[in-house]
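Engineer: make a model of this:
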Amino acid sequence: MKIRVAIFEDNQSRRDSLQLLLQADERFESAGIFSDGNNAAFHVDQSKPDVILMDIQMPGTDGIEAVKQIKQAFPEVKIIMQTVFEDDDKVFAALRAGADGYILKKAEPQKIKEAITDVFEGGSPITPGIAAKVIRFFNRLPDVQITSYADFDLTDREKQILRLLSNGLAYKMIAIECNISLFTVKAHIRKIYEKLQVHSATEAIAKAGKSGLA
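Structural biologist: Predicted structure coming up:
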């Protein structure tokens, strides 16, 4: 089964590069290419993507508003935001809008492909710099008080995997670092989410920061 990927990007050269990247890998299939966020939900309805690569700054409807519209209509579609800068306000606006991942445009092609497969498999790919910003942001919020990780009954392996997740590692890299299979990594992460009572890596990282683990 190929992963259907839609691209929302206003830069023609960038669109062409991403399309070539997808065409060169048999795991992916281009679902559609769009130059702005206008009528985003309609385009998603017509193209039926599994994953969307979304430019954060586009003419007309920007990427953040497009994410809101898409997630409202198609919550199951995974969206990775792409941008040039790790802008704090835009990072958090995109995550609050429902983005599932956030990577920089300067990321190597292999990293982009890993992000696509990662988010498709249930992960939330983010760069280490953005992971640190998420932790700092949630550390400033007073609404969640966490005393220690003993409250969650995490095992040593689960703590290790959560630290690596907080450092921005993709599932495959976590598997290599821990010398375990990708299937085992996913099983551990599902258990971590269950224990922390969260639904995404971003939320898990936030709680990791609150607890002092990350």
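
Engineer: and the helices in this structure?
Structural biologist: Along the chain, counting by DSSP state H, helices occupy 12-23, 40-47, 63-73, 88-97, 109-120, 128-139, 156-166, 171-178, 182-196, 201-211.

Engineer: mind telling me which of those helices the model trusts least?
Structural biologist: Across the helices of the chain, helix 128-139 has the smallest mean pLDDT, namely a mean of 69.

Engineer: and of the helices of the chain, who's closest to F34?
Structural biologist: F34 lies closest to helix 40-47 among those, at 5.4 Å (C-beta to C-beta). All C-beta spots, glycine's among them, are computed from the backbone N, C-alpha and C.

Engineer: can you point out the buried residues in that closest one?
Structural biologist: Buried positions in helix 40-47, judged by neighbour count with 16 or more other C-beta atoms under 10 Å: A40, A41, H43, V44, S47.

Engineer: read off the pLDDT value for the residue most central in space within the chain.
Structural biologist: Geometric centre of the chain, nearest residue: G101, 1.5 Å, by C-alpha atoms, centre = their mean. Note on G101: pLDDT of 86.

Engineer: confirm for me that L182 is in contact with Y171.
Structural biologist: Yes. Counting by C-beta atoms under 8 Å, Y171 is a contact partner of L182 at 6.0 Å.

Engineer: tell me which of the two has more neighbours.
Structural biologist: The residue with more neighbours, out of L182 and Y171, is Y171; 24 against 14, by other C-beta atoms under 10 Å.

Engineer: how close does that one get to D118?
Structural biologist: Counting by C-beta to C-beta, to the nearest Å, the separation of Y171 from D118 is 6 Å.

Engineer: then K133?
Structural biologist: Distance from K133 to D118, counting by C-beta to C-beta: 19 Å.

Engineer: more neighbours: which of the two?
Structural biologist: Set K133 next to D118 and count neighbours by other C-beta under 10 Å: D118 wins out with 26 against 18.

Engineer: got the domain ranges for the chain?
Structural biologist: The chain breaks down into these domains under automatic domain parsing: 3-125, 135-211.

Engineer: so which of those is the most surrounded?
Structural biologist: Of these, the one with the most neighbours on average (mean count of other C-beta atoms under 10 Å) is domain 3-125, at a mean of 19.

Engineer: show me what contacts I70?
Structural biologist: Each residue near I70 by C-beta atoms under 8 Å, 6 or more residues apart in numbering is listed here: A40, A41, V44, I52, V77, I79, G98.

Engineer: for the fourth one, what are its contacts?
Structural biologist: So that's I52. By C-beta under 8 Å, 6+ apart, the contact list for I52 reads V5, A6, I7, F8, V44, I70, V77, K78, I79, I80.

Engineer: any idea what it is bridged to?
Structural biologist: With DSSP bridges as the criterion, I52 is bridged to A6, I79.

Engineer: state the distance from it to I70.
Structural biologist: In terms of C-beta to C-beta, I52 sits 7 Å off from I70.

Engineer: right, I'll leave it there.
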